[in-house]
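> sharing a model that was predicted from the sequence below.
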Amino acid sequence: MRIAGIDIGGTSIKLGVFDTSLGLVATEKIMTGDADPEKMADGIAEFVNRSQVELCGVGTAGNVNSREGLVTADNLRWNRVPLRDMLAERVNMRVWVDNDANAALMAEFYDGACRGVETAVQITLGTGVGGAAIINGHPWRGHTNTACEFGHIITHADGLQCACGHKGCFEAYASAKALLRITGAETVPQIMSALDAGDETMRKRFAEYIHELSIGMTSIIMTFAPQVFVIGGGLAGMGDRLLLPIRAELDRTFAHHPEYLTCGIHLAKHGNDAGMIGAAMLALEMGGSTAR
């Protein structure tokens, strides 16, 4: 079976075709632009209609009511956009819409960093901070379908203003935007180059970011006690530059109670492809019974 897997982010839309025998066999990317839902649905439908697929799965930034296919996303300036129905009308097939972090974690559960475990959590570090959990081997969304918005747990009471309207959200301190703000860099490669060159100022500022990141991760670990904690999103591309300091910081945090830090901390295997693969897998597993 061939399934379209669509990953809608704050700056771009990644479009892929997933073959259940061969894996991801085609990918394209279009820019999000002004995030007009009609234009975006047209662009996605054009790809799907020429890709000879049987199902379509979409992972998108924001809160998703997966039963009704409604999307509310601050980064896209969307409020209850009926994305599922908009796409289904254009492609004339079943469409499943879910949160992008749920899709990314589903890809890792399928054949990645948390394959086969009972309990796992993931944060995606990009324009914002996404979150997802697998409980007893299944995606967990809560009764409102909006659970695990880890980017909007409060890590600093009355802290920095977040796009969601609250203050002190994890996202304001741990996103890629936050990393650039804390370090004073313009790009992530600039940060990596400075670290490789032994820039002491950059090392200290990057350590500040890792500390902020570990604060939110600690809360998530204490809440879920996962077997595996997966770190995905664009910043996961930093590799060990990101992973090793996180592990060291968490070891220090849990030094007096190491029994609470029982999870493996791993980078997502599928990188920027995770959203596409996971959206396709969600459509395959769940879309047939409830999607239009």
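Structure's in. What do you need?

> wait, residue 106 touches residue 276, no?
No - applying Cβ atoms under 8 Å as the test, residue 106 and residue 276 come out as separate, 11.0 Å apart. (Each C-beta comes from the backbone N, C-alpha and C, glycine too.)

> mind listing what's buried in stretch 50-66?
51, 53, 55-66 (16 or more other Cβ atoms under 10 Å).

> under a three-state scheme, what state does residue 243 occupy?
helix (DSSP: H, G, I helix; E, B strand; the rest coil).

> leaving out sequence neighbours, find the closest residue to it.
Distance criterion Cβ to Cβ, 6 or more residues apart in numbering; nearest residue to residue 243, sequence neighbours excluded, is residue 267 at 5.5 Å.

> can you give me the helices in this structure?
Secondary structure of the chain (DSSP state H): helices at 37-49, 83-91, 100-111, 171-174, 176-183, 188-196, 200-224, 240-253, 274-282, 288-290.

> sorry, back to before: burial count for the residue nearest to residue 243?
Counted with other Cβ atoms under 10 Å, residues neighbouring residue 267 total 20.

> so it sits against residue 236, correct?
Yes - under the criterion of Cβ under 8 Å, residue 267 makes contact with residue 236 at 4.9 Å.

> what do these two both touch?
Shared contacts of residue 267 and residue 236 (Cβ atoms under 8 Å, 6 or more residues apart in numbering): residue 242.

> next one: residue 113 from residue 187, what distance?
Using Cβ to Cβ, to the nearest Å, one gets 26 Å for the distance from residue 113 to residue 187.

> those two: which is more packed in?
Using other Cβ under 10 Å, the more surrounded residue of residue 113 and residue 187 is residue 113, with 25 against 10.

> what backbone torsions are found at that one?
Backbone torsions for residue 113, taken as degrees, to the nearest 10, come to phi -70, psi -20.

> where does it land on pLDDT?
pLDDT, residue 113: 96.

> who touches the residue nearest to it when sequence neighbours are not counted in this structure?
Leaving aside its chain neighbours, residue 113 sits nearest to residue 266 (4.2 Å; criterion: Cβ to Cβ, 6+ apart). By Cβ under 8 Å, 6+ apart, the contact set of residue 266 is 113, 114, 228, 229, 230, 231, 243.

> farthest-separated two in these?
In the contacts of residue 266, two members sit farther apart than any others by Cβ to Cβ. They are 114 and 243, at 14.9 Å.

> and the gap between residue 167 and residue 154?
If you go by Cβ to Cβ, the gap between residue 167 and residue 154 works out to 8 Å.

> one more: residue 145?
On the measure of Cβ to Cβ, residue 145 and residue 154 end up 21 Å apart.

> swap in residue 53?
Counting by Cβ to Cβ - residue 53 and residue 154 are separated by 41 Å.
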